[in-house]
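[1] The sequence and its predicted three-dimensional model are supplied below.
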Amino acid sequence: MATLELNVKQSGIVNRIITKTYFKTRAGKINKRAAERYLRDDLPCGLKACDECRKYGKERLGAKNSDINSLIPSNHVVIADASVWIRFYDIFESELFGNVLITQGIWEYVKAKSISAYKKMNGLTYETPSDRFSVFMTEFHHEIYVPPEECVSESERQEKCLLSAGNYLLKHWKRTGWIPVILCGEEGERDRFRQKGFEQAYTVKEYVNDLKDAKRQELLDKMAAYDSSSTTDKLIYEEHLSHDQIMQGIATGKFRRGTFSVSRENYREANVIVDEDLNTWFITGIHFNRAVHGDIVAVELLPRTEWTAPEKMIRLRDVEELTTTADAIVDELNEDDEDSETATNADVDEGEPKAKKMKKSIAIPTAKVVGIIKRNWRPYCGILMPSALKGARRHLFCPTERVIPRIRIETEQAEILAHQRIVVCIDRCPRDSKYPLGHYVKTIGALGDRDTENEVLLLEHDVPHAPFSDAVIDCLPPEDWKPDMSNVIKQDQWKPKMTGVRVDLRELNICSVDPLGCTDIDDALHCRETEDGYLECGVHIADVTHFVRPGMAMDDEAVMRSTTVYLCDRRIDMLPARLSSNLCSLRGNEERYAFSVVWKMTREAEIIDTRFHKSLICSKAALTYERAQEIIDDQGMIDELAQSLRRLNDMSKLLKHKRTANGALTLASSEIRFEMDWETKTPKGVQNKAHIDTHSMVEEFMLLANISVAEKILSEYPDCALLRRHPIPAPVSYKPVIEAAKKRGYELSIESGKALADSLDRATDKGNPMVNRLLRMLTTRCMTQALYFSAGTIPVENYMHFGLATPIYTHFTSPIRRYADVVVHRLLAASIGADEIPSGLLNQNNVKKLSVNMNYRHKQAQYAGRASVQLNVLTFFKGRVEKVEGFIMGVRSNGIQIFVPTYGVESVIVIKPSPDTVIDAENGFVKAGKTTINELDRVTVQIRLDETNVQRPRIRLDLIEPYIEGLSVDFDLSTEQGIGK
Amino acid sequence: MMSIISEHGYRIDGRLPHQIRNINCRLGVYPQAEGSSYIEQGNTKILCAVYGPHEAKRSKQLQDRCVINCQYSVATFSGLERKNRPRGDRKANEFTRLLEKTFESAIMINAFPGSQIDIFCEVVQNDGSLLAACVNAATLALCDAGIPMKALVSASACGFVDSKCLVDLSNREETDLTPRMTVATLGNTSQIVLIELENRLHSNHLPQVLAQSTKTCADVFECLHAAVRAHLPGSVAIF
Amino acid sequence: MTSMETDVASSSRVVIPGESLFPSAEDLRPGKGTYELHGHIYSSLLGYVYVREDTTDSRNIRVIEVRRNEERHQHVSPHIGAIVTAKVINIGPRYAKCQLLSVEDTILGGDYTALLRKEDIRSTERDKIEISECVLPGDILLARVISFGDTVTSFLISTAEEQLGVVMATGETGEKMMTKDWNTVQGVETGRVETRKIAKVPNLNLHSTTKAK
């Protein structure tokens, strides 16, 4: 180690060395790089008890733990080796590890080797407020650093570094009475440490075993891994190609990459979208090759002779397992133990390597998975399917998410876990195992318990729902906050480009219109006549960004949550209640800060002038939709507020007319909402979704506000403004609805948004008004998702919002429940000079990242909401049977899909083949004896709860009318597409 | 992938964001020239030679002041891979002009009408902050040559990453996207004689970056000052 | 050329360019290697501070200078009005081409060439001059810079004053010649006499003349 003279005296730096590393260039040559490294003496060790390092102020570790472990009699700090982190990172979440030191060498090694372990490590150290973890910068420490030249290999250097750090800390902490303890993954490592004189080295298994607390059993379970190699030589799957081979293959075009997407209807079929959304390849059966839904895979197209097509069958794993015998399952699970040659039903079904040869005309490009580029595993919620054998350690875990395969785990606690919802992680997918291998992470709660089920829902949809941390609560203003009058000016004093002022609009007749029971009021409106005969309409949005400043803990939390999540019985707020329901909410007769968009328009709803400014308002009334409609309709009410509402209503009708003329789409959603009994938190009945004028009134003005704001921020920030777009769906996506319409004799045009809207309007059946609504629902399913994006990242013509028929759109009107609106508020405030712009928003990459997160959270929130509704449907039908109207949405080769609009339930009735019944999936009809059922026909069904499987209650539909012999019912299948506004 | 500032707040080589690298310098290394210097800022090594003032070519001569002629050249062996063209490319030409402009403000050019002063800088090893190091090297060489200057010019490079100012960037930290600014000040004052910016920086961040750069230039000035004073007694005959 | 003995060296204080030396005062003048700005005298060189007494206009003023060592010449370049020492390289019908050796008392670093035009040699009878009667190649002269010249010609110097002209001559045969009287020089060894335009330098001490480079 060549030490060089240090001429520049800087605090903390004591030494300078030059190390040479070799690396490979892109061309394949080997280059040498000489890097300098500065060694320091001002690196704190992190222990609260250490006097020397206290002056740096970074100490964290200090929880006394001299008596938690029988092996170690004194207060100790655990230093876990990199291999322990990579393999067992889950165990560090446990409170039993009160003091953990991570050396910089281990940190960097884990970061390079395992992203998931690194994420956990980073999360525990920097992102949670716990002080159980501390990082010690050993690579920069002048007494600990071990240069690479002294060692033969990287792993040897890691060990040497750890030993060096351990010895240093032993000396350093002598006076405090604390000792460092090294935990290794293997016994060999531990012995090497002991040989070199470091006594307090243990394997992590030893350490955990000797913890006195009973919770150590959980930790041991988590660490249980399949160390022993499999006894069978039966390799089921092809080997995955190496990363280099995959990359080369992709470069030459032999392989393609895409996301692996398992079909919701048939668990043995999957699709991979390759070539950036242009082509979809079909994958079936054994060609899955251990890919899991969500992984990014490399696929190779099979030769044309092997192409096949989707079976058009509904195949759901749980059903098939229910129909196989218990013995079969036992045999299957014991194949590792007993070399059982018994073929089971399940085996036969799943082991089919080749699908039926399809006719050439229907066969579509089929491929096989040759390698995995990136795994996208996450912890999965679900239930344990205990093995039938008593005392067995290996069990199958069944995830709630249907597209994830069963996972085999090892646990001793099978009896306790059998009726709980648990969380399991996948570790690996070896070639000789039918199922992936994983480990148990934690228990959520008892099966069927409402809170547990809610928790599972939230976990499965990755919705952050922990209570707000202290750091966030500290950011809140006090309960008795009052507006500051110092920068408030009168309305006539305001001029454009004035900065830092608020306009006093308290005397205006502003009111808000929201659903019954709404506590987070984001928006309020007013409309009055101006002196020059025009109308002044204003939309006032809660000024959330006054309270939520960038850099606050509350802001970071809001970024992560990105949206308020609405479940049937619960609402997970993005912002703490003091803001969302009180200080930001535009309550009636309370003075509140707002951000206003005020238009001057003609009586024909032509906009002459638009003004944006911050304001102080006092809403005169917080009305419900129904009450507002009553006021408008009641000719006897002639006060200013009623007149303002009437003007707003008239204007909104004109605005809507204009939008429809432009081609805005009105579609229907198949979702329902429950009316809840808030005491028992159970559903009472389905909400009536009558659409009244005031709904449109508010909607039109919100749209107008969003569009005006979008135009303003785009003009100021053309390369980083946050906007929302709705891409035009590809013509092929419309196939289902066009075919369904054609079968009924309607011609749908997709030339333009307007053409589609008009042709949908024409597609009505006087005898059956539901047909139009169903067609609109089918159209909704063909739509693409609306997305947030940063201006400047795509061509301007793609900024448009297809569904609203506007060339530009953003979200501005709901900052209390959506983070995108908070961002837009900040951009707008900066563009009018009312506030400074946070630097992060000016970086296009940042805005892109924010958009990606917000799109993800928005989607997850939607799915969570729907899942909550489905959950409550099950609760609602406990002990209840009803006869309802249903419609045939699709015909499959083994059954029909029925949609019940009253409850938003879509399910499948399986039709057993019989000489009488003819099922024609191609042309969409079923003929049984004399009755024919076509797609979009109305039928009557009986709906009830099927609890034969206690762990998985299901909605059961029975066909009542038209009567067909021998139909049985089946499963719950709600699709998950939709259009967001 | 290593991030430039790690989660713990340290840079790849162990410095904190506001700390500069070690500086070694020597004057008078090349006796053939009027003045010469060699500077090492971390692993960046620059050799500089100064010739003149001598009579300028008729075409280039200016009547009231002298002409500063710079040549900035990067040795072919200075980087990780062999570079074929030592000078004459766009970057080198730009740096040449910048150096000329900088020293036109620092040297007392009105003292030498019709003459020319040549400053030749050669980058012997490239580890980032090249322009700053060249300015520092040229200052030292000019001092060694005895050419009258208003004050010593000290320069430093400052980048902006994750809302923090990073001073004296090394090659690994000079990525394609990080904005970096080279600032040179005259003496110990905050008079700026050179600003050069690469990539894009938002104007809101400018005051912060400028403040940090100026402070670092003051630190570098202290180092150059010490080196220059140390050099003097050795080269003077005793009176 | 001032000799070092008359200087009063201050303490060997090392200064760098830009370092403040003294605040400006009536009796302080910035000399070589210093400059004055905003009420202070700053050093512009790396070197030692010297304070020199000087009497001009019957006032005692101190001149502040900064110098390195005398082996290294100071940097100057010829400016208009400066007295320079030049050596004649060749002569033509209308001008003599000279090489400038030093500017006042500082030896020049580089090569500077200058032209001495026929009409600038003498102030009287300017049109009737014969160059070969005034200067010959090899002569050392004292002259004054009058112009930078244009793009083609280089510096222009002039000896049209009493104190300016030839100081030491080389004869036609190449021998050294010394001044005899107001317009003749005499060879040291041969005794040959030739005409030159001689510089009337008062108190010319033959032993301490400018040394050629």
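    Ah, there it is.
[2] and A:Tyr118, how many neighbours?
    19 (other Cβ atoms under 10 Å in any protein chain shown). (Glycine included, C-beta is placed from N, CA and C.)
[3] close enough to count as contact, it and A:Lys111?
    Yes: with contact defined as Cβ atoms under 8 Å, A:Tyr118 reaches A:Lys111; the gap is 4.4 Å.
[4] what sits up against stretch B:80-87?
    A:25, A:31, A:33, B:71-76, B:92, B:171 (Cβ atoms under 8 Å, 6 or more residues apart in numbering or on different chains).
[5] end to end, how far does that stretch reach?
    17 Å (Cα to Cα, to the nearest Å).
[6] in it, what counts as buried?
    B:Pro86 (16 or more other Cβ atoms under 10 Å in any protein chain shown).
[7] By mean pLDDT, which helix or strand of chain A comes out lowest?
    helix A:345-351 (a mean of 34; mean pLDDT, DSSP states H and E).
[8] Name the next helix or strand following it along the chain.
    strand A:367-374 (DSSP states H and E).
[9] For that following strand, which residues meet the burial criterion?
    Across strand A:367-374, burial judged by 16+ other Cβ under 10 Å covers A:367-373.
[10] Next up, the contacts around the most centrally placed residue in chain A.
    The centre of chain A sits closest to A:Gln860, judged by Cα atoms, centre = their mean, with a distance of 4.1 Å. Going by Cβ under 8 Å, 6+ apart, A:Gln860 touches A:461-463.
[11] try it again with 10 Å
    A:458, A:460-463, A:562-563, A:565 (Cβ atoms under 10 Å, 6 or more residues apart in numbering or on different chains).
[12] how does the chain divide up, domain by domain?
    By default, I'm working from chain A. A:1-39, A:43-223, A:243-447, A:470-720+A:808-860, A:877-961 (automatic domain parsing).
[13] hm, I was asking about chain C
    C:7-67, C:83-195.
[14] And the last one, end to end?
    Same thing as domain C:83-195. Domain C:83-195: ends 23 Å apart by Cα to Cα.
[15] Check the offset of that domain from the chain's centre.
    Centroid separation for domain C:83-195 versus its chain: 13 Å, with Cα atoms, centre = their mean, to the nearest Å.
[16] Please apply the same query to the shortest one.
    Centre-to-centre, domain C:7-67 and its host chain are 22 Å apart (Cα atoms, centre = their mean).
[17] Next: stretch B:117-130.
    Distance of stretch B:117-130 from its chain centroid, counting by Cα atoms, centre = their mean, is 8 Å.
[18] For the residue in the stretch 51-200 of chain A that chain B sits nearest to, give me its contacts.
    Per Cβ to the nearest Cβ, A:Phe140 is where the stretch 51-200 of chain A lies closest to chain B, at 3.9 Å. Listed by Cβ under 10 Å, 6+ apart, the contact set of A:Phe140 reads A:12-13, A:15, A:37-43, A:104, B:8, B:10-11, B:13-15.
[19] same question, A:Ala82
    By Cβ under 10 Å, 6+ apart, the contact list for A:Ala82 reads A:102-103, A:105-114, A:117, A:155, A:158-159, A:162, A:184-185.
[20] Among those residues, name the buried ones.
    If we count by 16+ other Cβ under 10 Å, the contacts of A:Ala82 have these buried: A:102-103, A:105-111, A:114, A:117, A:158-159, A:162, A:184-185.
[21] How about the lengthiest helix in chain B and chain A, any contact?
    Assignment by DSSP state H gives helix B:206-235 as the longest helix of chain B. Yes: Helix B:206-235 lies within reach of chain A by Cβ under 10 Å from any Cβ of the partner chain, at B:208, B:219-220, B:222-223, B:226-227.
[22] pLDDT of that helix, averaged?
    Average pLDDT, helix B:206-235: 86.
[23] With stretch A:780-800 instead?
    Mean pLDDT, stretch A:780-800: 88.
[24] How about stretch B:71-84?
    Here the average pLDDT along stretch B:71-84 is 86.
[25] With stretch A:396-407 instead?
    For stretch A:396-407, the mean per-residue pLDDT is 85.
[26] cool, and stretch A:866-879?
    85.
[27] One more: stretch A:483-498?
    Mean predicted confidence for stretch A:483-498 is 84.
[28] which residues are in contact with that stretch?
    Residues outside stretch A:483-498 that contact it (Cβ under 10 Å, 6+ apart) are A:499-508, A:546, A:583, A:590-593, A:598, A:609, A:611-618, A:832-834.
[29] State the phi and psi torsions of the residue most central in space within chain B.
    Compute the mean C-alpha point of chain B, and by Cα atoms, centre = their mean the closest residue is B:Val135, 2.3 Å away. The phi and psi torsions at B:Val135 (degrees, to the nearest 10) take the values phi -60, psi -40.
[30] coming back round to it: what residues sit buried inside the longest helix of chain B?
    With burial defined by 16+ other Cβ under 10 Å, the residues of helix B:206-235 counted as buried are B:208-210, B:212-221, B:223-225, B:227-228, B:231-232.
[31] now do stretch C:184-204
    C:185-187, C:194, C:196-199.
[32] Now flag whichever of those residues is closest to A:Leu827.
    Closest approach between the buried residues of stretch C:184-204 and A:Leu827, by Cβ to Cβ: C:Ala199, at 81.5 Å.
[33] For the closest one, give me its contacts.
    Contact analysis of C:Ala199 by Cβ under 10 Å, 6+ apart lists C:140-143, C:159, C:161-168, C:179.
[34] Need these in TSV (columns: distance to chain A and secondary structure).
    Formatted as TSV, those follow (distance: Cβ to the nearest Cβ, whole Å; DSSP: H, G, I helix; E, B strand; the rest coil):
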residue	distance to chain A	secondary structure
C:Ile140	50	strand
C:Leu141	52	strand
C:Leu142	50	strand
C:Ala143	50	strand
C:Thr159	55	coil
C:Glu161	56	coil
C:Glu162	59	coil
C:Gln163	54	coil
C:Leu164	54	coil
C:Gly165	57	strand
C:Val166	56	strand
C:Val167	52	strand
C:Met168	53	strand
C:Thr179	59	strand
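[35] Brilliant, that's me finished.
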